[in-house]
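Participant: Okay, structure incoming, though there's no sequence with it:
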C-alpha cells in the first residue's frame, strides 16, 4: 500500500510536468530541477537533481537512483531501480491493483479505505492565486498557494515558457491516458493545473514538519535518445 501511494505521488508530479510541458510539434523537451529536502520524515536531507524527459509518446522522470517511465503508446508504466538493476511494469489502467485480491486483482480505487483517503485529499485541495510576482530562473512568475491535507505549497508559475499555450493544450490531450484509471481520475491533476494556469518554475512544500524546495534550472528543446524511455536489457523484472 505504501509503495503504491508513493508511486502515485511520483506519477502525479510527472503529470504536472506533462500537462504543462508536453509538446509534439517542434522538438522533444528536457527539464532539469534542483530539489532540496529538509526534515521530511522517512526522507534523507539533502540536495538532488530531477531530470524530466518528454516526447510525444513517452515521459521519463530520473531521480538518480530511480527512474519512472510512462509509455503513452503502450499505456505502460515502468519503475526502474538503478541500485538493484530491477524494474516493475504496470499497465496504466491497472495502476493501483492490490496483489493477492483474487485472480484478476482488485483496483485500489474500489478499496473503501483508499477511496476515503482520496476523497479526503480532493476535498481538502484548495488552490489560491495571489498577486505576488517575482522573477525566478529568468521567468516572471506568479505565486499560488496550494493546500492539500497536511501539506501547504507555494507554486510559482509562469506563462513565459516558449510555446506555453501550445504545450498546455497538447499536455491536456496526453493526460487522457489516465482517464480510464479510476484512481488517477479522482486525483484530477488536470483540474489543478488549469487552476494554477502556468508552468511550475519554483515550488516550496511544507509537510510533516519538513520542506521540499524544487526549482527549474534548465530547459531545452532537443532530440532525445529513445533509450531514455526503454528498460535496459540487463534489468530483471520483479513482481509486485
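Facilitator: Thanks, I have the structure now. Keep in mind the model is a prediction, meaning the values are calculated, not measured. Residues are numbered from 1 along each chain as shown.
Participant: For residue 28, give me the pLDDT.
Facilitator: Predicted confidence (pLDDT) for residue 28: 82.
Participant: Count the residues that sit near it.
Facilitator: By the measure other Cβ atoms under 10 Å, the count of residues near residue 28 is 21. All C-beta spots, glycine's among them, are computed from the backbone N, C-alpha and C.
Participant: Spit out the contact partners of the nearest residue to it once chain neighbours are set aside.
Facilitator: Excluding the flanking residues, the one nearest residue 28 by Cβ to Cβ, 6 or more residues apart in numbering is residue 224, at 4.2 Å. By Cβ atoms under 8 Å, 6 or more residues apart in numbering, the residues touching residue 224 are 28, 30, 53, 55.
Participant: Out of those, grab the one that's most surrounded.
Facilitator: Result: residue 28 is most packed of the contacts of residue 224 (other Cβ under 10 Å), 21 neighbours.
Participant: Confirm for me that it is in contact with residue 225.
Facilitator: No - look at residue 28 against residue 225 with Cβ atoms under 8 Å: they stay out of range, at 9.5 Å.
Participant: List the buried residues in the stretch of helix or strand residue 216 belongs to.
Facilitator: Following DSSP states H and E, the helix or strand that holds residue 216 is strand 210-221. Buried residues in strand 210-221, counted by 16 or more other Cβ atoms under 10 Å: 212, 213, 214, 215, 216, 219.
Participant: Report the contact partners of the fourth one.
Facilitator: Same thing as residue 215. 33, 34, 35, 136, 137, 201, 202.
Participant: rerun at 10 Å
Facilitator: 32-36, 136-137, 156, 200-204 (Cβ atoms under 10 Å, 6 or more residues apart in numbering).
Participant: likewise the second one?
Facilitator: Applying Cβ under 10 Å, 6+ apart, we find residue 213 in contact with 33-38, 47, 154, 202-206.
Participant: For these, could you give me JSON lines that also reports pLDDT and neighbour count?
Facilitator: Shown next, in JSON lines, are the contacts of residue 213 (pLDDT from 0 to 100; neighbours: other Cβ atoms under 10 Å):
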{"residue": "33", "pLDDT": "94", "neighbour count": "23"}
{"residue": "34", "pLDDT": "95", "neighbour count": "16"}
{"residue": "35", "pLDDT": "93", "neighbour count": "15"}
{"residue": "36", "pLDDT": "95", "neighbour count": "14"}
{"residue": "37", "pLDDT": "93", "neighbour count": "17"}
{"residue": "38", "pLDDT": "95", "neighbour count": "13"}
{"residue": "47", "pLDDT": "94", "neighbour count": "10"}
{"residue": "154", "pLDDT": "94", "neighbour count": "16"}
{"residue": "202", "pLDDT": "95", "neighbour count": "21"}
{"residue": "203", "pLDDT": "93", "neighbour count": "21"}
{"residue": "204", "pLDDT": "94", "neighbour count": "16"}
{"residue": "205", "pLDDT": "90", "neighbour count": "18"}
{"residue": "206", "pLDDT": "91", "neighbour count": "16"}
